[in-house]
Each structure stands twice: as C-alpha cells, then as structure tokens.
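Peer 1: this is a predicted model, with the sequence first.
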Amino acid sequence: MIRIRPTQSDDADALLRLAGAEPLFSEEEAGTVAELLEAYLEQDDHGDYFFLSAVEDGRLLGFACYGPTPLTQGTFDLYWIAVAAETKGQGVGRRLMARVEHEIRALSGRLIVLDTAGRIEYAPTRAFYHRLGYTHAATVPDFYAPGDDLIIFTRTLI
C-alpha cells in the first residue's frame, strides 16, 4: 500500500537518486533539491520548505517539495514533484498532490502556485496539472531560455 508521509532521513538517498535521475530536472535543480532536503532534515527552521515522500514496502516512489510564498497571505509554491519512472501513470503523483493540498490547507493556505517549462518535453507535466484542476494562469515567453517559456499554474483551495 502506498503511503504519503513527511520525508524522513531514511528517504534521503533514494530521494536524491530520484531527483538526479529525473530527465526533466537539470543538474542545478537536483543540486538545489539536495540543499533544501538537507535543511529540511537537519534544521528546525528549514526555511519553510516541506517535503513529502510516497513510499511502498520501504521503497521511495516519489516526492514533493512545497512551501509558503514569502510576503503573501496563504499562498504556497509547489517547487518540485517527481515520481520514479517505473511507477509513472499509477497514481503516485496524483496522491502526492492530494497530500500537498491537504497539508497546505492545514497551514491555512488558500492558493497554490506552480510553474513549469513550455518545452515539448513538459507537455505531459502540463497535462497532469490540468487534469488535477490547476488553471493555466500565465505564460512568460522565453523565460528560461530563448524558446523556453515559463508556464504558471494556480489552484484556489478555499
């Protein structure tokens, strides 16, 4: 049975391997995941970054990282969500997102903002967010690089 729970130190190695293996994550992004995960696991004040893990039979299937958006009232950002290649399409991402939304509501969150790239490789990611009820709120042309737009999605939780 798949469980979604706060990430624990036992998850760290598998989580970092998953982030490093995710073809949509750059090397810099995987490195940033490592830095934030270290702060999350080792510091009481972890910069308001939260991690959740999807696990089954002691195996990490996916993770999500989210946190409150500074200088806002009840707005949260989803920073990353990743699912192991062999379990994509089996509902792990959907379950992670449902738990992220639950946790954000528990923290008096009212709005989730997430962004992704406009490149063709990200089309399944954008379709995933649409299926979950996220709204395409904005596009910033050429944000990441020429021809690579920033696509912003939102979802109101109230």
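Peer 2: Happy to help now that I have it. Numbering: from 1, shown residues only.

Peer 1: what helices or strands is whatever helix or strand residue 130 lives in leaning on?
Peer 2: Using DSSP states H and E, residue 130 maps to helix 123-131. For helix 123-131, the helices and strands in contact under the criterion 3 or more Cβ pairs under 8 Å, 6 or more residues apart in numbering; DSSP states H and E are strand 111-117, strand 148-156. For every residue, glycine as well, the C-beta is placed using N, CA and C.

Peer 1: 10 Å instead, please
Peer 2: strand 75-83, helix 92-106, strand 111-117, strand 135-145, strand 148-156 (3 or more Cβ pairs under 10 Å, 6 or more residues apart in numbering; DSSP states H and E).

Peer 1: and those as JSON lines, adding distance to residue 20 and mean pLDDT?
Peer 2: Below are the helices and strands packed on helix 123-131 laid out as JSON lines (distance: least, Cβ to Cβ, whole Å; pLDDT from 0 to 100):
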{"stretch": "strand 75-83", "distance to residue 20": "10", "mean pLDDT": "97"}
{"stretch": "helix 92-106", "distance to residue 20": "18", "mean pLDDT": "98"}
{"stretch": "strand 111-117", "distance to residue 20": "18", "mean pLDDT": "97"}
{"stretch": "strand 135-145", "distance to residue 20": "20", "mean pLDDT": "97"}
{"stretch": "strand 148-156", "distance to residue 20": "21", "mean pLDDT": "98"}
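
Peer 1: just want the angle from the helix holding residue 130 to helix 92-106.
Peer 2: When axes from the mean of the first three to the mean of the last three Cα atoms, to 10 degrees is applied, the directions of helix 123-131 and helix 92-106 differ by 50 degrees.

Peer 1: could the C-alpha coordinates of helix 123-131 be exported in PDB?
Peer 2: Only the C-alpha atoms of helix 123-131 are listed here, as PDB (Å, rounded to 0.1, in the frame of the first residue of the first chain):
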ATOM      1  CA  ALA A 123       3.600  18.600 -22.200                       C
ATOM      2  CA  PRO A 124       2.800  15.500 -20.000                       C
ATOM      3  CA  THR A 125       3.600  17.600 -16.900                       C
ATOM      4  CA  ARG A 126       1.200  20.400 -18.000                       C
ATOM      5  CA  ALA A 127      -1.500  17.900 -18.900                       C
ATOM      6  CA  PHE A 128      -1.100  16.400 -15.400                       C
ATOM      7  CA  TYR A 129      -1.700  19.700 -13.700                       C
ATOM      8  CA  HIS A 130      -4.700  20.400 -15.900                       C
ATOM      9  CA  ARG A 131      -6.200  17.000 -15.000                       C
END
